[in-house]
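In: got a predicted model here, sequence first, then my questions.
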Amino acid sequence: MADAALRLTALAEELLGEPLPVRIRAWDGSEAGPPDAPVLVVRHRRALRRLLWKPGELGLARAWVAGELDVEGDLYALLDRLAGLIWERDDETGAGVHPVRDPRLRAAARTLLKMGGVLPPPAPPAEEMRRRTGRLHTKHRDKEAISHHYDVGNDFYELVLGPSMVYSCAYWPSPDATLAEAQRDKLDLVCRKLALKEGDRLLDVGCGWGSMAIHAAREYGAHVVGITLSREQAAYARKRIAEEGLTDRIEIRVQDYRDVKDGPFDAISSIGMAEHVGSVRYAQYAAILHGLLRDGGRLLNHQIARRPERDESAYHVDEFIDAYVFPDGELAPLGRTLAALEEAGFEARDVEPIREHYALTLRQWVANLESDWARATRYTSPERARIWRLYMAASAISFERNRIGVNQILAVKTPVGGASGMPLRARTWN
């Protein structure tokens, strides 16, 4: 009798303490759950062994990457339902999964063992980053982490990001604007907040494929130094810059921000880079950028933020993201980032939350990926494409549900005399 889906549904509902809002289809052809719900497809019993040997998010992630789990129907709808049921449950209610001594967990393990088979633990997918050398956020280890995420092929990034090649939150004039328009508006907003003008010297920290540097040089006449730890990004950016005829205005370096010694700069942009810095290095990061600016110079720090924890010591990096997407990446609450910048000597002059804009951006990236899936898998691998589809769709849901946000912080290296150089009505950005 084919009843794997029914048994899995009953097991999940027993552990969660309420009905499962998604439908399950198992490898034996059986189905269970609401008939009109998005379908979680368990293609192989090996997925259960992964959960048995690595319970929780990492086990699920490995099964997804390996193609043993899939979704039929609306991926966003399934993630949204699971987010409310699992990730956003109130721990104080006593609902949900209990500590390991809970007899329900022991019973669940026995069920998974019977259904998944008594075999050695499946090897993790090859895309999982397991080699970590050196202390957290040393230069060498940061370079390894950046390479893992960014050196996966520029053709793949072109497909996902579109012709703008900007890998950070766009700034949408309206939901029906194009991604290219929204990314151009973001780059221009950064330039205006920094008050760039002809001849200004800009440091672009984490310059990616060169889009910010090109925009600042072409539209505002800035002289730009862009730094990245990714050799593939640097090569691509240099090619674009040469095609634009801007080699006299832009220099791209494969360089750690800790090694930049040729300040002062009139302005610094850090767009989607500070998430890689880590809490153990953030004070150093802020102090270095402060030291690289001239008096009166401006920093635009564009950074994802998480919601504060009741107990900050309990914060841990998302297992899926850490293993497959951004190794060693860390998110901090907005207040901690502001405090670190102020402690370094900056005067924070404006904070603009643009959380909803990132949800729109991510949904467009997912649409780009899904619309040309065959080519995406050729450019990288089916497993890597599955990683990106899940992480971007789940991130979009997280932004929409206010689990994470993104903020542009404008800070000034205000001189001792107090003349910040800021307009009285700063939001005009003139």
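Out: Now that the structure is in, tell me what you want to look at.
In: report the contact partners of the closest residue to residue 293 other than its chain neighbours.
Out: Leaving aside its sequence neighbours, residue 293 sits nearest to residue 413 (Cβ to Cβ, 6 or more residues apart in numbering; 4.3 Å). Any C-beta I mention is one placed from the backbone N, CA and C, and that applies to glycine too. By Cβ atoms under 8 Å, 6 or more residues apart in numbering, the residues touching residue 413 are 290, 293, 294, 295, 296, 297, 298, 299, 345, 346, 347.
In: now swap in residue 69 and tell me
Out: The contact partners of residue 69, by Cβ under 8 Å, 6+ apart, come to 40, 41, 42, 43, 47, 60, 63.
In: relative to residue 60, how far out is the first one?
Out: Separation of residue 40 from residue 60 (Cβ to Cβ, to the nearest Å): 10 Å.
In: more neighbours: which of the two?
Out: Shown here are residue 40 and residue 60; by other Cβ atoms under 10 Å, residue 40 has more neighbours (24 against 20).
In: now do the same contact list for the more buried one.
Out: Neighbouring residues of residue 40 by Cβ under 8 Å, 6+ apart: 22, 23, 24, 25, 69, 70, 71, 78.
In: did I read that right, it in a strand?
Out: Yes. In this structure, residue 40 lies within a strand as judged by DSSP: H, G, I helix; E, B strand; the rest coil.
In: beta partners for it?
Out: Note on residue 40: beta-bridge partners by DSSP bridges are residue 24, residue 71.
In: pLDDT score for it?
Out: pLDDT recorded at residue 40 is 96.
In: ok, residue 163 - how many residues close by?
Out: Residue 163 has 10 nearby residues by other Cβ under 10 Å.
In: so what does it look like in phi/psi?
Out: phi -60, psi -20 (degrees, to the nearest 10).
In: ditto for residue 298
Out: The phi/psi pair for residue 298 (degrees, to the nearest 10) is phi -120, psi 150.
In: any idea how far residue 335 is from the nearest residue to residue 333 once chain neighbours are set aside?
Out: Counting by Cβ to Cβ, 6+ apart, residue 333 lies nearest to residue 308, which is 4.3 Å off, once chain neighbours are set aside. Look at residue 308 and residue 335: by Cβ to Cβ, they are 7 Å apart.
In: do the same with residue 5
Out: Distance from residue 5 to residue 335, by Cβ to Cβ: 45 Å.
In: circling back: who's more crowded, residue 308 and residue 335?
Out: More crowded of residue 308 and residue 335, by other Cβ under 10 Å: residue 308, with 13 against 10.
In: host element of the more buried one?
Out: Using DSSP states H and E, residue 308 sits within no helix or strand.
In: from what I can see it touches residue 337, true?
Out: No. Look at residue 308 against residue 337 with Cβ atoms under 8 Å: they stay out of range, at 11.5 Å.
In: could you check the pLDDT of the residue nearest to residue 293?
Out: 98.
In: before we move on, what about residue 297?
Out: pLDDT, residue 297: 98.
In: in this structure, which spans are strands?
Out: In the chain, the segments counted as strands under DSSP state E are 23-25, 31-32, 39-42, 69-72, 201-205, 223-228, 250-254, 265-271, 293-306, 347-353, 404-412.
In: can you give me how far the third one is from the chain middle?
Out: Here the centre of mass of C-alpha atoms in strand 39-42, compared against the chain's by Cα atoms, centre = their mean, to the nearest Å, lies 25 Å away.
In: spit out the contact partners of the residue nearest to residue 130 when sequence neighbours are not counted.
Out: In this structure, residue 130 finds its nearest non-sequential neighbour in residue 124, 7.0 Å apart by Cβ to Cβ, 6+ apart. Under the criterion of Cβ under 8 Å, 6+ apart, the neighbours of residue 124 are 62, 130, 323.
In: quick check: residue 124 vs residue 395, distance?
Out: 22 Å.
In: what's the answer for residue 215, then?
Out: From residue 215 to residue 395 the distance is 25 Å (Cβ to Cβ).
In: over to residue 239?
Out: For residue 239 relative to residue 395 (Cβ to Cβ), the value is 29 Å.
In: looking at the two, which is more packed in?
Out: Between residue 239 and residue 395, residue 395 has the larger neighbour count (other Cβ under 10 Å), namely 23 against 14.
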